[in-house]
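**Student:** Structure, please.
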Amino acid sequence: MRFAPVLLALLMGSACAQMPGLSLENLPRPSTPPPERGPVVPAQVERWRQEGEALEHGDGVPRDPVAAAQLYCRAARYGDPVAQYNLAWMLVHARGIARDDAQAAHLFNAAAEQGLEQAKNMAASMGEPRGAPPECLRPPDTDPQPIVVAAPKGGKPGAWALPPPPPPPKNAPETIVNFVKLVAPDYKLAPHLVLAVMATESNFDPLAASPKGAQGLMQLIPDTAARFKVGRITDPVQNIRGGMAYLRWLLAYFEGDLTLALAAYNAGERAVERYRGVPPYAETRLYVRRIIASINGQRSHPYDASVTPPSPVLDLWRPPPRRP
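**Tutor:** Coordinates of the predicted model:
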């Protein structure tokens with residue numbers, strides 16, 4: 001059970017008074033963990049969070065809030081919402097580490113966006129996060145870096161060396177495969193990409209519906225459907241066309257970077273911009289990896305630059321111009 005803020009402050013103040021040289025003002029600030037070596041699987045992320053909880057509460061091990069915070073940080077970067085919430089709680093209540101409301105607001109918000117109820121309440125009370133997200137919410141160093149390349153105007157095919165396209169998913173209905181092959185070129189999309197997104201989104205179920213209100217084969221939410229002129233979201237043809245229109249727009253917005261475009265399709269382009277890469281949501285990270293793997297590791301796609309101006313966030317990754 002968590003302490004009430006006032007009681008916790010009194011307890012911390014009393015404890016600090018008994019320790020020479022330590023006060024609420026000079027509590028330690030945990031450092032960001034070093035880059036991981038090799039791939040990180042979900043079981044490892046869960047283990048970091050569990051070890052952090054044991055160290056935070058002294059459960060079977062000596063209490064070490066700094067080590068706990070660092071483990072929470074490692075798990076938070078890989079999208080663990082409970083670790084994000086726990087670290088935010090420690091930061092906002094100075095629970096053995098220095099207080100930092102700005103970082104806590106970002107962490108509560110990330111956990112809330114993943115559906116953690118207690119985080120929603122805290123995020124609402126703290127208001128909109130300000131400034132750049134903390135390092136504990138930035139994409140891990142082992143993640144592929146965004147591809148920011150100067151594509152030719154119009155995004156003509158052949159601007160990138162692309163892997164061979166995979167065959168259609170085995171469970172894809174032939175009528176859907178044929179429709180996508182016929183219509184995808186109108187949106188300047190590779191059919192295998194559309195089918196991979198559809199397989200991950202709905203498993204080719206035209207009646208699929210998510211708890212967040214997404215519907216149909218391409219799992220459009222009502223706002224996205226309206227944005228791309230989908231009159232009847234439950235109509236399979238309109239649903240597929242709306243999803244293609246959104247994919248085309250995202251590819252133009254992120255200049256053909258499939259990692260960013262797919263993350264935005266799942267979590268929204270504003271989340272990708274806010275976190276400067278794939279958002280720290282476990283679902284989104286898995287979603288992107290699954291689709292990229294299903295299309296033979298393809299990470300870029302030709303795009304139509306006339307659809308929309310590029311995201312201003314892309315400038316953060318561009319190399320500085322050479323001096324004459």
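
**Student:** Would you mind measuring from the residue most central in space within the chain to Arg47?
**Tutor:** For the chain, the residue sitting closest to the mean C-alpha position, by CA atoms, centre = their mean, is Pro279 at 1.9 Å. Distance of Pro279 to Arg47, computed by CB to CB, to the nearest Å: 22 Å. From N, CA and C alone the C-beta is placed, and that goes for glycine too.

**Student:** quick one: contacts for Pro62?
**Tutor:** Applying CB atoms under 8 Å, 6 or more residues apart in numbering to Pro62 gives no contacts.

**Student:** Tell me which helix or strand it sits in.
**Tutor:** For Pro62, there is no helix or strand it lies in under DSSP states H and E.

**Student:** who's in contact with Phe254?
**Tutor:** Pro146, Leu260, Ala261, Ala264, Glu269, Val272, Pro310, Ser311, Leu314.

**Student:** any low-confidence regions in the stretch 101-250 of the chain?
**Tutor:** 149-161 (pLDDT under 70).

**Student:** domain assignment for this structure?
**Tutor:** 5-137, 174-316 (automatic domain parsing).

**Student:** Quick one: end-to-end distance for the longest one.
**Tutor:** Its first and final residues considered, domain 174-316 spans 43 Å by CA to CA, to the nearest Å.

**Student:** I'd guessed Pro28 sits against Arg95; true?
**Tutor:** No. Pro28 is beyond contact range of Arg95, at 11.7 Å (criterion: CB atoms under 8 Å).

**Student:** Now do the shared contacts for those two.
**Tutor:** Pro65.

**Student:** Those two: which has the busier surroundings?
**Tutor:** Arg95 (21 against 12; other CB atoms under 10 Å).

**Student:** Next, count neighbours for the nearest residue to that one once chain neighbours are set aside.
**Tutor:** Nearest-residue entry for Arg95: Pro65, 6.2 Å, with adjacent residues in sequence omitted and distances by CB to CB, 6 or more residues apart in numbering. By other CB under 10 Å, 20 other residues sit near Pro65.

**Student:** still on that earlier bit, which pLDDT value goes with the residue nearest to the centre of the chain?
**Tutor:** If you check Pro279, the pLDDT there is 96.

**Student:** For the residue nearest to Gly131 when sequence neighbours are not counted, give me phi and psi.
**Tutor:** Leaving aside its chain neighbours, Gly131 sits nearest to Ala102 (6.0 Å; criterion: CB to CB, 6+ apart). In this entry, Ala102 is assigned phi and psi values of phi -60, psi -50 (degrees, to the nearest 10).

**Student:** Verify the stated contact: Ala102 with Arg130.
**Tutor:** Yes. Using CB under 8 Å, Ala102 makes contact with Arg130 at a distance of 6.2 Å.

**Student:** And these two? Which one has more around it.
**Tutor:** Between Ala102 and Arg130, Ala102 has the larger neighbour count (other CB under 10 Å), namely 15 against 9.
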